[in-house]
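> this is the structure alone, sequence omitted:
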């Protein structure tokens, strides 16, 4: 029998991070071909009060690793936020993918009912069941940041489409 929480999280994160890697490769090729300063895209935003591309990718990977870790009942790995280049962002995604690859499916056996406690950006903690944490919190936030990263690049003329965003499945 397939573990529903594992099947609804790890393969989805891996697919979408693969898509994010693809759109970042396209973005790097775009700035090279057009002789554009990479920071023009890495620091691009859809609106002044939103995170730039670089931060969108960092946050997307943070959600993928932290949601996966909490659902598996393991410590959330810490990643420094020192990325400055497309290559750095690719390496960050690879680190998160390797972490998820190392999670045993059996670690997710009790994940649907496991209590997850977070303090996301505020002193007020939030409590979830694992299922609610994944479906109502983790995945929506993850998709928001991966979609926004894609939209920033598309808005700035990078030749990417839905197929790039969706990744390989």
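Happy to help now that I have it. Because the structure is predicted, anything quoted here is derived from the model rather than measured.
> buried residues, whichever strand or helix holds residue 90. List them.
For residue 90, the element it lies in under DSSP states H and E is helix 86-101. For helix 86-101, a neighbour-count test (16 or more other C-beta atoms under 10 Å) marks 86, 89, 90, 92, 93, 96, 97, 99, 100 as buried. To be clear about C-beta, it is placed using only N, CA and C from the backbone, and glycine gets the same treatment.
> tell me the helices and strands packed up against it.
helix 4-34, helix 53-72 (3 or more C-beta pairs under 8 Å, 6 or more residues apart in numbering; DSSP states H and E).
> change it to 10 Å
If you count contacts as 3 or more C-beta pairs under 10 Å, 6 or more residues apart in numbering; DSSP states H and E, helix 86-101 packs onto helix 4-34, helix 39-42, helix 53-72.
> mind checking how far residue 151 is from residue 107?
Using C-beta to C-beta, to the nearest Å, we find residue 151 at a distance of 34 Å from residue 107.
> so what pLDDT did the spatially most central residue of the chain get?
Geometric centre of the chain, nearest residue: residue 60, 2.7 Å, by C-alpha atoms, centre = their mean. pLDDT for residue 60: 98.
> tell me the contacts of it?
Residue 60 sits next to 13, 16-17, 20, 89, 92-93, 96, 141-149 when contact means C-beta atoms under 10 Å, 6 or more residues apart in numbering.
> just the element for residue 127, please.
Going by DSSP H and E, residue 127 is part of strand 126-129.
> average pLDDT across that strand?
pLDDT averaged over strand 126-129 gives 94.
> next, give phi and psi for the residue of the chain positioned farthest from its centre.
Each residue of the chain has a distance to the centre, and by C-alpha atoms, centre = their mean the biggest one is for residue 35: 27.9 Å. When read as degrees, to the nearest 10, the backbone of residue 35 gives phi 60, psi 50.
> and the pLDDT for it?
In this prediction, residue 35 has a pLDDT value of 98.
> enumerate every residue touching residue 44.
27, 50, 52, 53, 54, 56, 152, 153, 155, 156, 158.
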